[in-house]
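>>> Sharing a sequence plus its predicted fold:
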Amino acid sequence: MMKKAVAEIDQVVGKNRLLQESDIRNLPYLQAMVKESLRLHPMVPVIQRLSSQYCTVGGYHIPANTTTFINVWSLNRDPTHWETPLKFMPERYKENQVDVRGQHFRLLPFGGGRRLCPGTSLGLLTVQTTLGAMIRCFEWKAGKNGNIATVDMEEGIGFTLPRANPLVCIPVARLDPIPLSV
Ligand code: HEM
(Lines give C-alpha, C1' and ligand atoms only; values in the text may rest on other atoms or scores of the structure.)
Protein backbone atom coordinates (compact mmCIF):
# COMPACT_ATOMS: atom_id res chain seq x y z
CA MET A 1 0.00 0.00 0.00
CA MET A 2 2.73 2.44 1.03
CA LYS A 3 4.76 1.43 -2.03
CA LYS A 4 1.78 2.30 -4.24
CA ALA A 5 1.43 5.72 -2.60
CA VAL A 6 5.17 6.43 -2.95
CA ALA A 7 5.15 5.37 -6.62
CA GLU A 8 2.13 7.57 -7.38
CA ILE A 9 3.66 10.60 -5.64
CA ASP A 10 7.08 10.13 -7.26
CA GLN A 11 5.47 9.82 -10.68
CA VAL A 12 3.37 12.99 -10.29
CA VAL A 13 5.87 15.16 -8.39
CA GLY A 14 9.04 14.03 -10.16
CA LYS A 15 12.55 14.26 -8.69
CA ASN A 16 13.25 17.95 -8.41
CA ARG A 17 10.67 19.48 -6.12
CA LEU A 18 8.51 18.94 -3.04
CA LEU A 19 4.81 18.04 -3.09
CA GLN A 20 2.37 20.96 -3.30
CA GLU A 21 -1.35 21.38 -2.64
CA SER A 22 -1.96 21.66 -6.39
CA ASP A 23 -0.63 18.07 -6.85
CA ILE A 24 -3.45 16.56 -4.81
CA ARG A 25 -5.97 16.49 -7.67
CA ASN A 26 -3.53 14.23 -9.58
CA LEU A 27 -3.04 11.81 -6.68
CA PRO A 28 -6.16 9.59 -6.60
CA TYR A 29 -4.53 6.84 -4.54
CA LEU A 30 -3.45 9.30 -1.83
CA GLN A 31 -6.98 10.73 -1.80
CA ALA A 32 -8.39 7.21 -1.48
CA MET A 33 -6.04 6.48 1.46
CA VAL A 34 -7.33 9.55 3.31
CA LYS A 35 -10.95 8.65 2.50
CA GLU A 36 -10.41 5.10 3.79
CA SER A 37 -8.79 6.45 7.00
CA LEU A 38 -11.78 8.75 7.56
CA ARG A 39 -14.13 5.81 6.95
CA LEU A 40 -12.53 3.47 9.49
CA HIS A 41 -11.49 6.12 12.01
CA PRO A 42 -13.84 9.13 11.70
CA MET A 43 -12.61 12.03 13.81
CA VAL A 44 -16.17 12.65 15.02
CA PRO A 45 -17.63 9.16 15.57
CA VAL A 46 -21.11 10.31 16.64
CA ILE A 47 -23.05 13.37 15.46
CA GLN A 48 -26.34 14.58 16.86
CA ARG A 49 -29.48 16.39 15.78
CA LEU A 50 -32.42 17.94 17.65
CA SER A 51 -35.82 17.35 16.02
CA SER A 52 -37.70 20.63 15.56
CA GLN A 53 -40.96 18.71 15.00
CA TYR A 54 -42.40 15.19 15.23
CA CYS A 55 -41.07 12.91 12.50
CA THR A 56 -40.49 9.24 11.68
CA VAL A 57 -37.08 7.94 10.60
CA GLY A 58 -36.73 4.33 9.46
CA GLY A 59 -40.02 3.48 11.18
CA TYR A 60 -39.01 5.06 14.50
CA HIS A 61 -41.28 7.75 15.94
CA ILE A 62 -39.27 10.77 17.06
CA PRO A 63 -41.13 13.41 19.09
CA ALA A 64 -40.35 17.11 18.68
CA ASN A 65 -37.39 18.44 20.70
CA THR A 66 -35.65 15.08 20.88
CA THR A 67 -31.89 14.68 20.59
CA THR A 68 -30.97 11.92 18.14
CA PHE A 69 -27.49 10.44 17.91
CA ILE A 70 -26.15 9.26 14.55
CA ASN A 71 -23.47 6.62 14.87
CA VAL A 72 -21.16 7.56 12.00
CA TRP A 73 -18.51 5.10 13.16
CA SER A 74 -20.83 2.15 12.71
CA LEU A 75 -22.44 3.45 9.45
CA ASN A 76 -18.94 3.68 7.97
CA ARG A 77 -18.41 -0.01 8.83
CA ASP A 78 -21.90 -1.35 8.07
CA PRO A 79 -21.48 -4.70 6.25
CA THR A 80 -24.76 -4.14 4.37
CA HIS A 81 -23.09 -1.20 2.61
CA TRP A 82 -19.40 -2.12 2.65
CA GLU A 83 -17.65 -5.22 1.38
CA THR A 84 -15.04 -6.47 3.90
CA PRO A 85 -15.81 -3.37 6.00
CA LEU A 86 -12.99 -3.82 8.54
CA LYS A 87 -10.27 -4.02 5.90
CA PHE A 88 -8.26 -0.87 5.11
CA MET A 89 -8.60 -0.94 1.33
CA PRO A 90 -8.16 2.35 -0.61
CA GLU A 91 -8.65 0.34 -3.83
CA ARG A 92 -12.38 0.03 -3.01
CA TYR A 93 -12.95 3.61 -4.27
CA LYS A 94 -11.89 2.74 -7.82
CA GLU A 95 -15.27 1.08 -8.32
CA ASN A 96 -17.19 2.78 -5.54
CA GLN A 97 -17.58 6.49 -6.24
CA VAL A 98 -18.88 7.23 -2.74
CA ASP A 99 -17.96 10.74 -1.54
CA VAL A 100 -17.35 12.21 1.93
CA ARG A 101 -19.34 15.43 1.49
CA GLY A 102 -22.56 14.32 3.09
CA GLN A 103 -24.32 13.08 -0.04
CA HIS A 104 -23.80 9.38 0.68
CA PHE A 105 -25.15 8.34 4.05
CA ARG A 106 -22.88 5.31 4.38
CA LEU A 107 -19.82 7.59 4.67
CA LEU A 108 -20.25 10.66 6.85
CA PRO A 109 -16.88 11.74 8.31
CA PHE A 110 -17.90 15.40 7.85
CA GLY A 111 -21.55 14.91 8.79
CA GLY A 112 -24.27 16.05 6.39
CA GLY A 113 -27.17 18.37 5.71
CA ARG A 114 -27.23 22.01 6.74
CA ARG A 115 -24.84 21.38 9.65
CA LEU A 116 -22.26 19.65 7.44
CA CYS A 117 -18.73 20.57 8.50
CA PRO A 118 -17.99 23.95 6.86
CA GLY A 119 -14.27 23.11 6.94
CA THR A 120 -14.64 19.98 4.76
CA SER A 121 -12.55 21.21 1.81
CA LEU A 122 -9.89 22.82 4.00
CA GLY A 123 -9.75 19.76 6.30
CA LEU A 124 -9.44 17.29 3.42
CA LEU A 125 -6.79 19.30 1.58
CA THR A 126 -4.77 19.84 4.76
CA VAL A 127 -4.76 16.13 5.64
CA GLN A 128 -4.02 15.05 2.05
CA THR A 129 -1.18 17.56 1.59
CA THR A 130 0.37 16.82 4.99
CA LEU A 131 0.21 13.06 4.48
CA GLY A 132 1.50 13.41 0.91
CA ALA A 133 4.46 15.54 2.07
CA MET A 134 5.24 13.07 4.87
CA ILE A 135 5.29 10.17 2.40
CA ARG A 136 7.19 12.17 -0.21
CA CYS A 137 10.01 13.15 2.14
CA PHE A 138 10.33 10.19 4.50
CA GLU A 139 10.08 6.46 4.84
CA TRP A 140 8.24 5.84 8.12
CA LYS A 141 9.42 2.96 10.31
CA ALA A 142 6.87 2.04 12.99
CA GLY A 143 7.88 1.51 16.63
CA LYS A 144 10.57 2.99 18.89
CA ASN A 145 13.17 0.84 17.21
CA GLY A 146 11.52 1.06 13.81
CA ASN A 147 10.88 -2.69 13.70
CA ILE A 148 7.13 -3.14 14.35
CA ALA A 149 5.42 -5.01 11.51
CA THR A 150 1.78 -4.31 12.51
CA VAL A 151 0.56 -0.95 13.79
CA ASP A 152 -1.83 -1.06 16.77
CA MET A 153 -5.02 0.67 15.55
CA GLU A 154 -7.05 0.23 18.75
CA GLU A 155 -9.27 3.23 19.42
CA GLY A 156 -9.80 5.00 22.73
CA ILE A 157 -12.92 6.81 23.92
CA GLY A 158 -13.57 10.51 23.35
CA PHE A 159 -15.70 13.14 21.64
CA THR A 160 -13.16 13.01 18.83
CA LEU A 161 -11.79 9.53 18.23
CA PRO A 162 -8.35 9.21 19.86
CA ARG A 163 -5.85 6.37 19.49
CA ALA A 164 -5.84 4.03 22.50
CA ASN A 165 -2.04 3.94 22.41
CA PRO A 166 0.34 6.49 20.91
CA LEU A 167 2.07 5.57 17.67
CA VAL A 168 5.80 6.16 17.61
CA CYS A 169 7.51 6.23 14.20
CA ILE A 170 11.02 6.88 12.97
CA PRO A 171 11.27 9.02 9.83
CA VAL A 172 14.09 8.11 7.47
CA ALA A 173 14.84 10.72 4.79
CA ARG A 174 13.93 9.56 1.26
CA LEU A 175 15.18 12.68 -0.50
CA ASP A 176 18.83 13.35 0.06
CA PRO A 177 19.36 16.20 -0.48
CA ILE A 178 15.81 17.62 -0.23
CA PRO A 179 15.29 19.73 -3.39
CA LEU A 180 15.38 23.43 -2.52
CA SER A 181 12.74 24.53 -5.01
CA VAL A 182 9.11 23.77 -4.06
C1 HEM B 1 -10.37 16.35 8.58
C2 HEM B 1 -10.83 17.45 9.19
C3 HEM B 1 -12.23 17.60 9.75
C4 HEM B 1 -13.19 16.67 10.06
C5 HEM B 1 -13.09 15.15 9.93
C6 HEM B 1 -14.36 17.39 10.55
C7 HEM B 1 -15.55 16.79 10.94
C8 HEM B 1 -16.67 17.49 11.37
C9 HEM B 1 -17.95 16.88 11.70
C10 HEM B 1 -18.27 15.39 11.62
C11 HEM B 1 -18.78 17.87 12.08
C12 HEM B 1 -20.25 17.70 12.51
C13 HEM B 1 -21.12 17.81 11.25
C14 HEM B 1 -22.57 17.45 11.45
O15 HEM B 1 -23.09 17.51 12.58
O16 HEM B 1 -23.24 17.09 10.45
C17 HEM B 1 -18.05 19.12 12.00
C18 HEM B 1 -18.57 20.35 12.31
C19 HEM B 1 -17.89 21.53 12.22
N20 HEM B 1 -16.61 21.70 11.71
FE21 HEM B 1 -15.39 20.24 11.05
N22 HEM B 1 -14.08 18.74 10.53
C23 HEM B 1 -12.81 18.92 10.04
C24 HEM B 1 -12.17 20.11 9.80
C25 HEM B 1 -12.70 21.36 10.07
C26 HEM B 1 -12.04 22.62 9.77
C27 HEM B 1 -10.67 22.73 9.09
C28 HEM B 1 -12.87 23.59 10.22
C29 HEM B 1 -12.72 25.10 10.19
C30 HEM B 1 -11.75 25.71 9.59
C31 HEM B 1 -14.06 22.95 10.78
C32 HEM B 1 -15.12 23.61 11.35
C33 HEM B 1 -16.30 23.03 11.77
C34 HEM B 1 -17.44 23.77 12.34
C35 HEM B 1 -17.52 25.29 12.59
C36 HEM B 1 -18.43 22.83 12.62
C37 HEM B 1 -19.83 23.08 13.21
C38 HEM B 1 -20.82 23.29 12.06
C39 HEM B 1 -22.27 23.46 12.53
O40 HEM B 1 -22.62 22.95 13.58
O41 HEM B 1 -23.05 24.10 11.80
N42 HEM B 1 -13.91 21.61 10.66
N43 HEM B 1 -16.76 18.86 11.55
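Sure, I can see it.

>>> The protein: strands as residue ranges?
Under the criterion DSSP state E, the chain contains strands at 46-50, 55-57, 60-62, 67-71, 138-142, 169-173.

>>> And the contacts of the second one?
The reference is to strand 55-57. If you take Cβ atoms under 8 Å, 6 or more residues apart in numbering as the criterion, strand 55-57 is touched by Ile62, Thr68. Where you see a C-beta, it was placed from the backbone N, CA and C, and this is true even at glycine.

>>> Could you measure from the residue lying closest to Ile70 once chain neighbours are set aside over to Ser37?
Leaving aside its sequence neighbours, Ile70 sits nearest to Ile47 (Cβ to Cβ, 6 or more residues apart in numbering; 5.0 Å). Per Cβ to Cβ, to the nearest Å, Ile47 is found 18 Å from Ser37.

>>> between those two, who's got more neighbours?
Each of Ile47 and Ser37 has its neighbours counted (other Cβ atoms under 10 Å); Ile47 has more, 19 against 16.

>>> ok, now which ones touch the more buried one?
Taking Cβ under 8 Å, 6+ apart, we find Ile47 in contact with Phe69, Ile70, Val72, Leu108, Gly111, Arg115.

>>> which among those are in contact with the ligand?
Gly111, Arg115 (Cβ under 6 Å from any ligand atom).

>>> what's the least confident helix or strand in this protein, going by average pLDDT?
Sorted by mean pLDDT, DSSP states H and E, the helices and strands of the chain end with helix 92-95, the least confident at a mean of 90.

>>> Pull the distance from that helix to the chain's centre.
Distance of helix 92-95 from the chain centroid (Cα atoms, centre = their mean, to the nearest Å) equals 15 Å.

>>> which of the residues in it are buried?
For helix 92-95, the neighbour count (16 or more other Cβ atoms under 10 Å) marks Arg92, Tyr93 as buried.

>>> Just name whatever secondary elements that helix is in contact with.
helix 28-40 (3 or more Cβ pairs under 8 Å, 6 or more residues apart in numbering; DSSP states H and E).
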